[in-house]
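Asks: The sequence and its predicted three-dimensional model are supplied below.
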Amino acid sequence: MSTSPADPHLPAVHLRPPRNWINDPNGLVFHDGHYHVFFQYNPHGPQHSNVHWGHFRSPDLIHWEPFPVALTPTPGGYDADGCYSGNAVSVDGSLLAFYSAHRKDRWWQPVTTARSHDDGRTWTKRPELLIAEPPAGTTMFRDPYVWRQDGRWRLLVGAALDDGRAAALLYESNDLETWAYLGPFHTSDVAKGSGPVGWECPQYATFGGRSVLVVSDWTPLSGPSHTTVHTGSEQRGRFTPDASPAPLDHGPDLYAPALLKAPGEDRWLLWGWAWEARDDSWAHEDGWAGVLTLPREVTLTADGTVAQCPARELLALRGERVLHGTGHVTRSEPAGLGEVGRAFDLTATLVPDTTGTSGLRLVTSADGSEFLDISLDPAAGHLVVDRGHASRDPRARTGAYTVPCPAAARPGTPVELRVVVDGSIAEVYLDGQVLTLRFYPVGDGPWRLEARTTGTGRGEFTVEAWNLALENARPDTLLSGRRTAAPTPASRATPSPSPSPSPTM
């Protein structure tokens, strides 16, 4: 459970095993005093095949212990080619996992279950499939999501319909065993050109009389594409949107998020899969692929916008402040702010130069040629995250990505950011929006931050940064969700004996 992995691109505080392939978070559940996070996992290599369910648990969202692999494909069985995505519920003192049973000889993935009576250490699969056949008129069927509402159990399944629409299909049950199909809960419009033809991993959250449906858009040509959030309300088993669909994340590297209602409070948590943004050959050389995002709190604002921020518990990962800078910057005089580690948490208040782009640069090479830019563009009203020079290795993907930021176009208006960087992942938060991006620095210098502008005026900044490490977490900060005094190292939970590799967090 090292927080200083030998591979500089492995995360220190994001959750994943130290080797092999992972993708979708699955089975998020709070049970018997612990958060459980399952995930799609190939224990034998860094490629998407031979999919099992990996498993971690935590009492506090900070200290994670590896558990035995939860679900393993049964040779010749109904899930012979993979235990694919789903979720889990805590019921009658046991954990019940719902998942997609994959076989290469059928196009759909039936819904089935497995149960654990020992906190997730061992599992027993049901002898027969739970929902063996898809409804008529479907061309894709997978990824169950189960929740309890108004005294009954409800289940959504991701689907594509034969008329070209993507859909989330609704089932209901009184006993988790016998399920009645009620029809499409919500559908897309008929696909046009590059539009979605299937929804994967549907997730559903309620906020009083309003609700949020999160779906991951899938196309036959490119496979997983992006994640979309629909806000609205339910009426008689049908979801009615009250706004246009919106991206859940503005970055290029997040897919298949999963939701969990936190215990004892009206709080929703979300994890997502951040896939690799480098050539497969590089990932295979390093022996690992995929990482889960940090847990995020998800809220619904008064105007119906879905807002996200890092879970409050994560403040406990901050060490002593390593950087604090306030001032202004011109094109001829960029400001050096100081050095940061390879895992850090940053807050910034920026007043942009309205005559050009201005913001922060994370420099990762001694000569300054390798860097990640986070800039405000007043002319476009955007925040721009540009990884075009973020790796000297040509096998890393490039590109610039934007988040709407109308405040950047208003002269003198401060813009507040929070940025969490960890090895090869950056999560950038702006006014409830988030952009997730992978990047792969190979430079030889210590990492350092600069404030810069391309305009003829000046930009203003206030920046603070803390290096992140699990050893920073103290019991009092975990309970309150706040930093108090300077941290002292805390011991981690002892992992249970397991065939699973230890996590890097």
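Replies: Noted; the coordinates are in hand.
Asks: residues in contact with Leu449?
Replies: Residues near Leu449 by CB atoms under 8 Å, 6 or more residues apart in numbering: 323, 336-340, 346, 360-363, 463, 465. No exception for glycine: its C-beta is placed from N, CA and C like everyone else's.
Asks: What spatial separation is found between it and Phe344?
Replies: 9 Å (CB to CB, to the nearest Å).
Asks: Which neighbours do the two have in common?
Replies: Listed contacts common to Leu449 and Phe344 are Ala465; contacts here mean CB under 8 Å, 6+ apart.
Asks: ok so, going back, how about the contacts of Leu449, which pair is most distant?
Replies: In terms of CB to CB, the contacts of Leu449 reach their longest pairwise distance at Gly336 and Leu346, which sit 15.0 Å apart.
Asks: Between the two, which is the more surrounded one?
Replies: Applying other CB atoms under 10 Å to Gly336 and Leu346 shows that Leu346 carries more neighbours, namely 21 against 11.
Asks: my read: that one touches Val419, true?
Replies: Yes: when contacts are counted by CB atoms under 8 Å, Leu346 is listed as touching Val419 (4.5 Å).
Asks: So for the two, which residues contact both of them?
Replies: Residues within reach of Leu346 and of Val419 at once, by CB under 8 Å, 6+ apart, are Leu360.
Asks: Provide a list of residue ranges in the stretch 51-200 of the chain with pLDDT below threshold.
Replies: Low-confidence regions of the stretch 51-200 of the chain, defined by pLDDT under 70, span residues 192-196.
Asks: Now name the helix or strand holding Pro75.
Replies: Secondary-structure element containing Pro75, defined by DSSP states H and E: none, the residue being outside all helices and strands.
Asks: now do His44
Replies: In the assignment (DSSP H and E), His44 maps to no helix and no strand.
Asks: how near is Phe98 to Thr398?
Replies: When CB to CB is applied, the distance between Phe98 and Thr398 equals 39 Å.
Asks: ignore the last one, Cys201
Replies: Cys201 sits at a distance of 28 Å from Thr398 (criterion: CB to CB).
Asks: Same question for Trp153.
Replies: In this structure, Trp153 and Thr398 are 46 Å apart, going by CB to CB.
Asks: quick one: which of those two has more around it?
Replies: Using other CB under 10 Å as the criterion, Trp153 and Thr398 rank with Trp153 on top: 18 against 13.
Asks: thought the more buried one was touching Val146?
Replies: Yes: A contact is recorded between Trp153 and Val146 when judged using CB under 8 Å, the distance being 6.3 Å.
Asks: ok but Trp282 is inside a strand, no?
Replies: No: the assignment for Trp282 is helix, going by DSSP: H, G, I helix; E, B strand; the rest coil, so no strand is present there.
Asks: Now it: closest residue in space, sequence neighbours ignored.
Replies: Arg395 (4.7 Å; CB to CB, 6 or more residues apart in numbering).
Asks: since we're on the one you found, how many residues are nearby?
Replies: Per other CB under 10 Å, the neighbour tally for Arg395 reads 14.
Asks: Check Gly208 too.
Replies: By the measure other CB under 10 Å, the count of residues near Gly208 is 8.
Asks: could we number from 7 for the rest of this?
Replies: OK, 7 is where the count begins now, so the last one is Gly214.
Asks: That one and Pro263: what is the separation?
Replies: Applying CB to CB, the value for Gly214 to Pro263 is 22 Å.
Asks: Kindly report the same for Leu352.
Replies: With CB to CB as the criterion, Leu352 and Pro263 are 23 Å apart.
Asks: try Ala186
Replies: Using CB to CB, one gets 28 Å for the distance from Ala186 to Pro263.
Asks: So which of those two has more stuff around it?
Replies: The residue with more neighbours, out of Ala186 and Pro263 and counting by other CB under 10 Å, is Pro263; that gives 27 against 10.
Asks: Not counting residues beside it along the chain, what's closest to that one?
Replies: By the measure of CB to CB, 6+ apart, the closest residue to Pro263 outside its immediate chain neighbours is Gly278, 3.8 Å from it.
Asks: repeat for Asp195
Replies: On the basis of CB to CB, 6+ apart, the spatially nearest residue to Asp195 that is not a chain neighbour turns out to be Arg171, at 6.9 Å.
Asks: for stretch 434-442, which positions count as buried?
Replies: Neighbour-count burial for stretch 434-442, with 16 or more other CB atoms under 10 Å as criterion, is recorded at 434-437, 439-442.
Asks: Same question for stretch 49-58.
Replies: Taking 16+ other CB under 10 Å as the basis for neighbour counts, the residues of stretch 49-58 that come out buried are 49, 52, 54, 56-58.
Asks: Touching stretch 129-138 from outside, list them.
Replies: Taking contacts as CB under 8 Å, 6+ apart, the residues outside stretch 129-138 that touch it are 76-77, 80, 83-85, 103-104, 107, 116-122, 150, 163, 177, 183, 185.
Asks: Which ones among the residues you listed map onto strands?
Replies: With strands identified by DSSP state E, the entries of the contacts of stretch 129-138 that belong to them are 103-104, 107, 117-122, 150, 163, 177.
Asks: got the contact list for the most centrally placed residue in the chain?
Replies: The C-alpha lying nearest the average C-alpha coordinate of the chain belongs to Gly278 (CA atoms, centre = their mean; 2.0 Å). With contacts defined as CB under 8 Å, 6+ apart, Gly278 is in contact with 31, 233, 255, 260-264, 298-299, 442.
Asks: measure it to Val220 for me?
Replies: Distance from Gly278 to Val220, counting by CB to CB: 10 Å.
Asks: who touches both of these two?
Replies: Taking CB under 8 Å, 6+ apart as the contact criterion, the residues that touch both Gly278 and Val220 are 233, 263.
Asks: Just list the residues touching Cys196, thanks.
Replies: Just to correct that, residue 196 is Val rather than Cys. Going by CB under 8 Å, 6+ apart, Val196 touches 169-171.
Asks: same deal with Gly243?
Replies: For Gly243, the contacting residues are 176, 188-189, 191, by CB under 8 Å, 6+ apart.
Asks: out of those, who's nearest Thr144?
Replies: Among the contacts of Gly243, and counting by CB to CB, the member closest to Thr144 is Gly189, at 11.5 Å.
Asks: Just the element for the closest one, please.
Replies: For Gly189, the enclosing helix or strand under DSSP H and E is strand 186-193.
Asks: Packing partners of that strand?
Replies: Counting by 3 or more CB pairs under 8 Å, 6 or more residues apart in numbering; DSSP states H and E, the packing neighbours recorded for strand 186-193 are strand 158-167, strand 172-179, strand 244-247.
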